[in-house]
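Engineer: Quick one, what's the 3D model for this:
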Amino acid sequence: MKFLIAGLGSIGRRHLNMLRELEQDDIILYRTNQSTLDGEELAGIPVYTDLQEALNLRPDAVIVANPTSLHMDVAIPAAEAGCHILLEKPISDDLSHVDELRKAAEKSGSRILVGFQFRYHPILNKARELINEGALGQVLSAHSHWGEYLPNWHPWENYRESYAARADLGGGVIGTLTHPIDYMRYILGEVEETASLQGHVSPLELSGVEDVGEMAIKFKSGAIGAVHVNYFQRPPDHRLEIVGTKGTLRWNNADGVLHHYDMPDEFGTWSANPAAPIHTEYPLPDGFERNYLFVAQMAHFLKVVQGKAEPRCSLEDGVRAVELVVAAKELKAIGKIK
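Structural biologist: Presented below is the predicted three-dimensional model:
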């Protein structure tokens, strides 16, 4: 299979390394030289600066890893050419070209996998399994918190020049750290309502984007949730808590362990001597490290390209994430006190 990688920042290079790890070596590159990284490690790989010239080589698959605001400039021509696509999250910074991409993919048969790699996290999948089995009873609330310190996130580049810090490249913390929006849908089901607050509150030098966002979410199940993301937290922190009538799940990305607190007493009853929770820990598999998520995602993408699997994260999942991000940004002024 021939692969075209569009975009050679940190995530594009990670995908390049994943293909190599999975023994895929028929690779070509498309770049516009927007990356802040040097090109030394790309030696020996054909590089094109004209997208159509690269597509004329008939790649089986295209990996879209350029800045968010430029995704559709690559994804739509790739879909029109019948290529299967790994489309990085968020799929775009707005919804203006989604129908065009959808129609192109439907016409050509292009299969699109969206790059939300936390869907491959073994512990988040364990949480999903426990909830589907009824271990928490009725899910009542959920909260995800993800804070990163942007200057240290990609220490090899000036954070001020990164796509994450720039409105013209589709940056901003709500879109850049959109993973919790997706994995909460993946674990808990569809979102029915949302409201939000956001702003640029820290001294970080950003270009027209927010560095903190707080989204309130109501799921179709009736559960109430919240997602908090920021660019200024030191040390970083990424955690999830889900509460139900039978107990609680807690996960922190720092150690990766899922804690399940099962409450033996019936919900809604009072006891002078309540039973202690039954605490079960679900640790990460031996040898797990962050790169596992990207390897698992790429292995799945190879199956999608070969027609052996349906995308675990579909184009419509990616569209829904953008809809929620756009809604969060549009709702920011509602209820503002002057």
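Engineer: Show me this protein divided up by domain.
Structural biologist: 3-110, 123-289+323-333 (automatic domain parsing).
Engineer: Pull the number of nearby residues for the residue lying closest to M1 once chain neighbours are set aside.
Structural biologist: Distances taken as C-beta to C-beta, 6 or more residues apart in numbering place D60 nearest to M1, at 4.4 Å, with adjacent residues excluded. All C-beta spots, glycine's among them, are computed from the backbone N, C-alpha and C. Using other C-beta atoms under 10 Å, the number of residues around D60 comes to 15.
Engineer: and the helix or strand containing L19, what other elements does it pack with?
Structural biologist: Using DSSP states H and E, L19 sits within helix 10-21. Counting contacts by 3 or more C-beta pairs under 8 Å, 6 or more residues apart in numbering; DSSP states H and E, helix 10-21 packs against strand 3-6, strand 27-30, helix 291-305.
Engineer: Quick check: which of the ones you listed is nearest to S69?
Structural biologist: Taking C-beta to C-beta, strand 3-6 is the member of those nearest to S69, at 13.5 Å.
Engineer: That closest one: partners in the sheet, and parallel or antiparallel?
Structural biologist: Using DSSP bridges, strand 3-6 pairs in its sheet with strand 27-30 (parallel), strand 61-64 (parallel).
Engineer: Present the helices and strands packed on helix 10-21 as JSON lines; the columns should include mean neighbour count and distance to P236.
Structural biologist: Formatted as JSON lines, the helices and strands packed on helix 10-21 follow (neighbours: other C-beta atoms under 10 Å; distance: least, C-beta to C-beta, whole Å):
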{"stretch": "strand 3-6", "mean neighbour count": "27", "distance to P236": "28"}
{"stretch": "strand 27-30", "mean neighbour count": "22", "distance to P236": "31"}
{"stretch": "helix 291-305", "mean neighbour count": "19", "distance to P236": "17"}
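Engineer: longest strand in the chain, by residue count?
Structural biologist: strand 232-244 (DSSP state E).
Engineer: Okay, buried residues for that one please.
Structural biologist: 232-233, 238-244 (16 or more other C-beta atoms under 10 Å).
Engineer: Tell me which other helices or strands whatever helix or strand comes next after that strand touches.
Structural biologist: Downstream of strand 232-244, the first helix or strand assigned by DSSP H and E is strand 247-252. If you count contacts as 3+ C-beta pairs under 8 Å, 6+ apart, strand 247-252 packs onto helix 122-132, strand 232-244, strand 258-262.
Engineer: For the first one, output the C-alpha coordinates as PDB.
Structural biologist: Coordinates of the C-alpha atoms in helix 122-132 are reproduced here as PDB (Å, rounded to 0.1, in the frame of the first residue of the first chain):
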ATOM      1  CA  PRO A 122      -7.300   0.100  27.100                       C
ATOM      2  CA  ILE A 123      -8.400   1.700  30.300                       C
ATOM      3  CA  LEU A 124     -11.000   4.000  28.800                       C
ATOM      4  CA  ASN A 125     -12.300   1.000  26.900                       C
ATOM      5  CA  LYS A 126     -12.500  -0.800  30.200                       C
ATOM      6  CA  ALA A 127     -14.500   2.100  31.700                       C
ATOM      7  CA  ARG A 128     -16.900   1.900  28.700                       C
ATOM      8  CA  GLU A 129     -17.200  -1.900  29.100                       C
ATOM      9  CA  LEU A 130     -18.000  -1.500  32.800                       C
ATOM     10  CA  ILE A 131     -20.700   1.100  32.100                       C
ATOM     11  CA  ASN A 132     -22.200  -1.000  29.400                       C
END
